[in-house]
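1. let me see the structure of the following:
(chains A, B and C)
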Amino acid sequence: MSVDKDTVKKIARLARLDVPEERQEQIAGELNAILSWIEELGEVDTSAVEPLASVTGHSLPLRTDKITDGNKVDDILANAPEQASGFFVVPKVVE
Amino acid sequence: MSNLVAGQTGEWEVVIGMEVHAQVTSEAKLFSGSSTTFGAGPNENVSLVDAAMPGMLPVINEACVRQAVKTGLGIKAEINLYSVFDRKNYFYADLPQGYQISQFKHPIVGEGVLTIELADGTTHDIGIERIHLEQDAGKSLHDQHPSKSYIDLNRSGVALMEIVSRPDLRSSEQAGAYIKKLRSILRYLGTCDGNMEEGSLRADVNVSVRRPGQALGTRTETKNLNSVRFIMQAIDYEVERQIEILENGGKIDQETRLFDTSTGTTRQMRSKEDAHDYRYFPDPDLLPLQLTQDFVEEIKAELPELPDEIKARMVSDYGLSSYDASVLTEERETAGFYEAASKGRDRKLVANWMSSELFGALNKAGKSLAESPVSPEGLGALVDLISDGTISGRIAKDVFAEMFETGRPASDIIEEKGLKQVSDSGAIEALIDQVLAENQDKVAEYRGGKDKLFGFFVGQTMKLSGGQANPGMVNQLLKDKLRG
Amino acid sequence: MENYLNLTATQARAALQKKEISATELTHAYIQAAEATKALNNYVCMTADKALEMAASSDKRIADGNAGPLEGLPIGVKDLFCTTGVETTACSAILKGFVPTYESTVTSQLWRDGAVMLGKLNCDEFAMGSANETSVFGPAVNPWSTDGGADLAAGGSSGGSASSVAAGSALMATGTDTGGSIRQPAAFCGVVGMKPTYGRCSRWGIVAFASSLDQAGPFTRDVADSALMFASMAGHDAKDSTSADAALPDLHAALQASVKGMKIGIPKEYVMEGMDEAITALWQQGQEWLVEAGAELVPISLPHTRYALPTYYIIAPAEASSNLARYDGVRYGARVEAGQSLDDMYEATRAAGFGDEVQRRIMIGTYALSAGYYDAYYLKAQQVRRLIKNDFDEAFEKVDAILTPATPSAAFPLGVKQDDPITMYLNDVFTVPANLAGIPGISVPAGYSDTGLPLGLQVLSGAFREDTLYKVAACLEKQAGFTGQPPRHALAAR
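-> Residues are numbered from 1 along each chain as shown, chains lettered A, B, ... in the order given. Sure thing, here's the model as predicted:
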């Protein structure tokens, strides 16, 4: 599982990171170094092991269906880079 | 009836699967305490959690879990006591977290089935693959500014049930029947208001075609259809488009398409979507949802009677036709109206009056059943007056029209207009005598063997009574007199 | 003044209660100390006015006899905790200018109990780093140094927290620990750092790095202070679904108790090749101290220890790649306009806003979760994570606590380990397993390196047994008699 320039491009695109062409090779190298180190895990026999997603012992707590929040447009927009008439504003989205 | 579609080069089979997004009826959102109300000002129904502020965390709403379980029970599906919330990762302007919390590997509801009935009376079992809970996204407005989109997060985080069917549907008619039936069940259960105009119920439709008996063809997915008509139109268009491409030697691209409501056609989404790679993984801010069988049983005990059960009861206990029973159970309100109007009365007669007179009048007036000027009790009382011979069925139609117009009770109208049926044999005999006297030639013909004239005498007698004579008595007395 | 700054929190609390000093005087002294040690780059934002206001309120409550458990004690807050009206950046350019309208649960509990906020402390960007070098504000500097040596790393990610407590510019400080981010810098700076059981402290309002591993905890001068501050930070929070609804054990009793008869596990896998000899010696010494105090040593095995780091470096970046998706320039933070489309804006904003290490981890995490690799990386890591947790579960059936070194080395000079990410990652080798298993761990300063830098010992205990942790830590503290003050400390503030 070796990462090449194209993979770097693909991953960067998925993560919405603009990685300039000239850095892609270097990043592929770094990722490969880390991945080959991580691949040590292949040694461990996990065929009968349930994956562990959370160490928390309890089950998911449920909250009651009550309106306890909202109506704070000022707070919601307080840090917005661009806003208008109560909306967040972004460059035009084409569907 | 065959579902095959004829092309230039032979027949094609249509294969349709649907993913329906149904907004869960709840006060607050799935993972936050802000309101789900429709129509608030921009970003008013938004909490810090919905806006994905740094450090904000989701906490699940119990009512949404109950609603999903209830829906599952309503389609006789398996309820998974263990389910997991995953993150579906992608970037979009109205997806503040950069991921949607959904259920991927372990949905809350598993396999179920929904039975649809078509106009020709045939029924079809449509498999439901799963139902899972997920968050809705916000809304992007593209028409407010030439080069900008405006983002409103009011819907962000509202609970949705994604109801995924098996590819068991074979025509746009079936798809239409499926969405109507599903909507009906959701409304009976009270788990989704089914309001398609407000977007509470939307469907993504997967369509492919194949030669009968062959392997499945490549499918396209048309997204976000919010009316039964659009669903059927989009399918019909896709079927035609795909057959034309295939018959001309082309191939179908697996792609997402959008429906244009003004032209009734579909088109490829313009934004060239990256190969989808949602990188699902269990949301580490949440834990697996573990339900007990007791929790499920408690919800099961609350389930209302559902349309299929009510319909079966109407056919077997009330003697209604399958068609009438279907019409009366399509909406919970209709069935409720009918049950109230027909209780302790001639069930069939009430059914006839509802499906002909009442629905006809409502339709004409552009009113819903909830707005009906005639109450279930009012209609019931009218039917009683027919049953006990107070008025004839024909007079009853005039009385009903008046009731619908004024909202007054039938008995008042009958009283005021003197429409009571004449069942006094002396009075009727007098009428008959008059008719016979005025038509002596016909009496002679009848007695000479022209039996068909009997109807003529009945008609004349009724006419003379102004429709108020009891038709049964008129028949009997006429027979006696003519024999005479 | 000098006296005030030398007091531990427990001592300062007593002095405040006896009205020997006022909260305002104490706070003033700390503000001055912070000003005087600016070169250490500990604070990324001072809130002196707010601190003095809070101190005045504390003085009033003390006068009224309504003092809370932390009344009038000046503390620093890692810049990962959201604080109402005070810029919170996670030391990232992407959050520059972000002023929360809300307060994290942990800090609000500290203020509830009377603590005074001095300001926001430096850390690695989004807590990703082991030397505080990934901070957009530049590294916090360790107040300790070797004679004539270069500036040393304060450790990371909570470098500013450790450095400020060591340098006397904060009496106590909050930190967060995802793979060692409290315990490692505490060891580097000669202070006490504790990572509680996962679920003890609410994560609500703390900028997330890796949600299944992140846990807030205290930095203090000694073990008693640690227990004091931890008690305020902990508690069930309905706003965090992973928060534990479990009562705190009696920490006060634990601090007084003896370790006599306790079984202390010594894991054979924590002997590392190339480890500082002084660390091996200190670990040995620590074992002897505990035996002297009546504890029994039990050799144990944690066979999957060597897989902890690779496991961590899949799980943490994977979760981070998703947690950091919200920084997109739409609702808050810095936006970089570029090109025509929304995607162009996203890519430019995130490329400019995130530093190299954060981008590297986002890339690794994205890759590990992507189609075709999920099973080989993420799922595999979750499976190994269970094996690592099982190792600890089995160990704690036999022993009460485990003793290990806190770090494989003493503080290193700033700038040297930058080039090779993996060498930097190895810093966390002894601390990461506790995060994966969700158990508590504490780093206690207990000795010195050959060059006179502080070294720490780590104690681990079973989940929700912070009492056991403090019992052993208090014993080590007492036996070690570590009273070291960084030479810089003397130079700077006094």
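
2. check residue B:403 and give its pLDDT.
-> Note on residue B:403: pLDDT of 95.

3. surely it touches residue B:383?
-> No. Using Cβ atoms under 8 Å as the test, residue B:403 is too far from residue B:383 to be in contact (11.9 Å). For every residue, glycine as well, the C-beta is placed using N, CA and C.

4. can you name the element that comes right after the lengthiest helix in chain A?
-> Of all the elements of type helix in chain A, the one with the most residues (DSSP state H) is helix A:21-38. On the C-terminal side of helix A:21-38, the closest following helix or strand by DSSP states H and E is strand A:62-63.

5. spatially central residue for chain A, please.
-> The C-alpha lying nearest the average C-alpha coordinate of chain A belongs to residue A:15 (Cα atoms, centre = their mean; 6.7 Å).

6. where's the residue lying closest to it once chain neighbours are set aside, which helix or strand?
-> Spatial nearest neighbour of residue A:15, excluding adjacent residues (Cβ to Cβ, 6 or more residues apart in numbering or on different chains): residue C:366 at 4.5 Å. Applying DSSP H and E as the criterion places residue C:366 in helix C:356-369.

7. now the angle from that helix to helix A:21-38?
-> Inter-element angle recorded for helix C:356-369 and helix A:21-38: 60 degrees (by axes from the mean of the first three to the mean of the last three Cα atoms, to 10 degrees).

8. now helix C:356-369: average pLDDT?
-> Averaging pLDDT along helix C:356-369 yields 96.

9. which helices and strands sit right next to the helix or strand bottoming out on mean pLDDT in chain A?
-> The weakest-scoring helix or strand in chain A, judged by mean pLDDT, DSSP states H and E, is helix A:21-38 (a mean of 92). Secondary-structure packing of helix A:21-38 (3 or more Cβ pairs under 8 Å, 6 or more residues apart in numbering or on different chains; DSSP states H and E): helix A:5-14, helix C:308-323, helix C:356-369, helix C:421-425.

10. just the buried positions in the shortest one, please.
-> The one in question is helix C:421-425. Going by neighbour count (16 or more other Cβ atoms under 10 Å in any protein chain shown), the buried part of helix C:421-425 is C:421, C:424, C:425.

11. ok, the residue nearest to the centre of chain A touching residue C:368?
-> No. Between residue A:15 and residue C:368 there is no contact under Cβ under 8 Å: 11.8 Å.

12. which one of the helices and strands packed on helix A:21-38 lies closest to residue B:341?
-> The closest of the helices and strands packed on helix A:21-38 to residue B:341 is helix C:308-323. By Cβ to Cβ, the value is 56.1 Å.

13. kindly export the next helix-or-strand element following that closest one (C-alpha atoms) in CSV.
-> Proceeding N to C from helix C:308-323, the next assigned helix or strand is helix C:342-353, under DSSP H and E. The C-alpha coordinates for helix C:342-353 follow below in CSV (Å, rounded to 0.1, in the frame of the first residue of the first chain):
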residue,chain,number,x,y,z
LEU,C,342,-17.0,27.1,-2.7
ASP,C,343,-14.5,24.2,-3.0
ASP,C,344,-11.7,26.6,-4.0
MET,C,345,-12.5,28.6,-0.9
TYR,C,346,-12.4,25.5,1.3
GLU,C,347,-9.1,24.3,-0.1
ALA,C,348,-7.4,27.7,0.1
THR,C,349,-8.8,28.4,3.6
ARG,C,350,-7.7,25.0,5.0
ALA,C,351,-4.3,25.0,3.3
ALA,C,352,-3.5,28.4,4.7
GLY,C,353,-5.2,27.9,8.1
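
14. can you pull out the low-pLDDT segments for chain B?
-> B:1-2, B:270-275, B:484 (pLDDT under 70).

15. ok so, going back, which secondary structure elements does the helix holding residue C:366 contact?
-> helix A:5-14, helix A:21-38, helix C:308-323.

16. and residue 51, how many residues sit next to it?
-> You didn't pick a chain, so chain A it is. 16 (other Cβ atoms under 10 Å in any protein chain shown).

17. correction: the question concerned chain C.
-> 23.

18. got a list of what it touches?
-> Shown in contact with residue C:51 (Cβ atoms under 8 Å, 6 or more residues apart in numbering or on different chains): C:27, C:30, C:31, C:74, C:116, C:117, C:118, C:119.

19. for the residues you listed, give me CSV that also has secondary structure.
-> As requested, those are exported to CSV (DSSP: H, G, I helix; E, B strand; the rest coil):
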residue, secondary structure
C:27, helix
C:30, helix
C:31, helix
C:74, strand
C:116, strand
C:117, strand
C:118, strand
C:119, strand
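
20. circling back: among the buried residues of helix C:421-425, which one sits closest to chain B?
-> residue C:425 (20.5 Å; Cβ to the nearest Cβ).

21. for that closest one, give me the pLDDT.
-> On pLDDT, residue C:425 comes in at 84.

22. with chain A as the reference, measure out to it.
-> Separation of residue C:425 from chain A (Cβ to the nearest Cβ, to the nearest Å): 8 Å.

23. what separation is there between that residue and residue C:131?
-> In this view, residue C:425 and residue C:131 are 11 Å apart by Cβ to Cβ, to the nearest Å.

24. enumerate every residue touching residue B:372.
-> Counting by Cβ under 8 Å, 6+ apart, residue B:372 touches B:337, B:358, B:362.

25. rewinding a little: burial count for the residue nearest to residue A:15?
-> Using other Cβ under 10 Å, residue C:366 has 27 neighbouring residues.

26. check contacts around it.
-> Residue C:366 makes contact with A:11, A:14, A:15, B:279, C:321 under the criterion Cβ under 8 Å, 6+ apart.

27. what is the burial count for the nearest residue to the fourth one once chain neighbours are set aside?
-> For residue B:279, ignoring the flanking residues on the chain, the nearest one in space by Cβ to Cβ, 6+ apart is residue C:369 at 3.7 Å. Number of residues near residue C:369 (other Cβ under 10 Å) recorded here: 25.

28. residue C:369 contacts residue B:87, doesn't it?
-> No. Checked against Cβ under 8 Å, the pair residue C:369 and residue B:87 is beyond contact range at 9.2 Å.

29. pLDDT score assigned to the nearest residue to residue A:43 once chain neighbours are set aside?
-> In this structure, residue A:43 finds its nearest non-sequential neighbour in residue C:307, 7.9 Å apart by Cβ to Cβ, 6+ apart. Note on residue C:307: pLDDT of 97.

30. so residue C:307 makes contact with residue A:42?
-> No. Using Cβ under 8 Å, residue C:307 is not in contact with residue A:42, being 10.2 Å away.

31. who has more neighbours, these two?
-> residue C:307 (22 against 11).

32. stretch B:241-251: how far from the chain's middle?
-> Taking Cα atoms, centre = their mean, to the nearest Å, the mean C-alpha location of stretch B:241-251 is offset from the chain mean by 34 Å.

33. in it, which residues are buried?
-> By 16+ other Cβ under 10 Å, the buried positions in stretch B:241-251 come out as B:241, B:242, B:243, B:246.

34. from those, which land in helices?
-> B:241, B:242, B:243, B:246.

35. would you format the residues you listed as TSV with distance to chain C included?
-> Formatted as TSV, those follow (distance: Cβ to the nearest Cβ, whole Å):
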residue	distance to chain C
B:241	29
B:242	27
B:243	32
B:246	29
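
36. where does the prediction get shaky in chain C?
-> Applying pLDDT under 70 to chain C flags the ranges C:1-2, C:417-419, C:487-494.

37. report the central residue of it.
-> Using Cα atoms, centre = their mean, the residue of chain C that lies closest to the mean C-alpha position is residue C:182, 2.0 Å off.

38. quick one: closest of the helices and strands packed on helix A:21-38 to residue C:258.
-> helix C:308-323 (31.8 Å).

39. for the stretch 101-250 of chain C, which segments are assigned as helices?
-> Using DSSP state H, counting those that start in this stretch, the helices of the stretch 101-250 of chain C run over residues C:105-112, C:159-167, C:183-189, C:223-233.

40. brilliant, that's me finished.
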